[in-house]
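Student: My questions concern the predicted model and sequence given below.
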Amino acid sequence: MKKLTLNSRGFTIVELLIVIVVIGILAAISIVAYNGVSGSASDSALKSDLVNLAKKAQMYHAESGQYPHRDYFFSSANNVSVSKSAYDVTVYNLYYCTNTARNQFGVAARSRSGQTYTISSASSIQKNSLVPQWQVACGAFGETQLSNVEFIYGYNLPTQAWMSTIGG
């Protein structure tokens, strides 16, 4: 059996604690960086979806003279899909609004990062600090009066169902 002497080699507890702290700091930095990149990716995918929806609405308007009914966006004939993993998973996370004449539209959606974006017949992609709801979607084209809008619907991506956001 070998006897330990004062000259034995090894790490002290202080050295081990320093290594553990450094590894913890590096892990924390990596997690923060990953969350930032993941949030940016969600925002980019959502903005791309909104641009595609607006293009489809503009094409529909060019053909029929009106912006589409809510069901048009996600009908099998239209062939529009969204990056579901990029959206906030609250109940209704994509809102579509048109005025009564259907000559203006607005869409609002909330990214998984927590950022809301809008697009409308009157403007390109805009960042918005509000949680999406009918006021945000309709407000994207300047409408604030409930009596002046026809369709105010939220789309639940997990259930793939539209629901009126007023009174139910």
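Tutor: Arrived safely, thanks for sending.
Student: my guess is T118 is in a strand, correct?
Tutor: Yes: counting by DSSP: H, G, I helix; E, B strand; the rest coil, T118 is part of a strand.
Student: wait, isn't it in contact with A108?
Tutor: Yes: at 4.6 Å, T118 counts as touching A108 under the criterion of Cβ atoms under 8 Å. In this view, the C-beta of every residue, glycine as well, is placed from N, C-alpha and C.
Student: Need the residues touching each of these two.
Tutor: N128, P132, V136, A137, A140 (Cβ atoms under 8 Å, 6 or more residues apart in numbering).
Student: ok, so of these, who is nearest Y96?
Tutor: A137 (6.2 Å; Cβ to Cβ).
Student: Just give the number of residues close to the closest one.
Tutor: Using other Cβ atoms under 10 Å, A137 has 30 neighbouring residues.
Student: Looking at T118 and A108, which one has more neighbours?
Tutor: Taking neighbours as other Cβ under 10 Å, T118 and A108 compare with A108 leading, 29 against 25.
Student: contacts for the helix or strand the more buried one falls within?
Tutor: For A108, the element it lies in under DSSP states H and E is strand 105-110. Defining contact as Cβ under 8 Å, 6+ apart, one finds that strand 105-110 is touched by 46, 49-50, 53-54, 57, 67-68, 87-88, 90, 93-99, 116-121, 128, 131-133, 136-141, 143.
Student: from these, which ones fall inside helices?
Tutor: Counting by DSSP state H, the contacts of strand 105-110 place L46, D49, L50, L53, A54, A57, V136, A137, C138, G139 in helices.
Student: so who does the residue lying closest to the third one once chain neighbours are set aside touch?
Tutor: In space, and not counting its chain neighbours, L50 is closest to I119: 4.4 Å by Cβ to Cβ, 6 or more residues apart in numbering. Residues in contact with I119 (Cβ under 8 Å, 6+ apart) are L50, V51, L53, A54, G106, V107, I125, Q126, A140.
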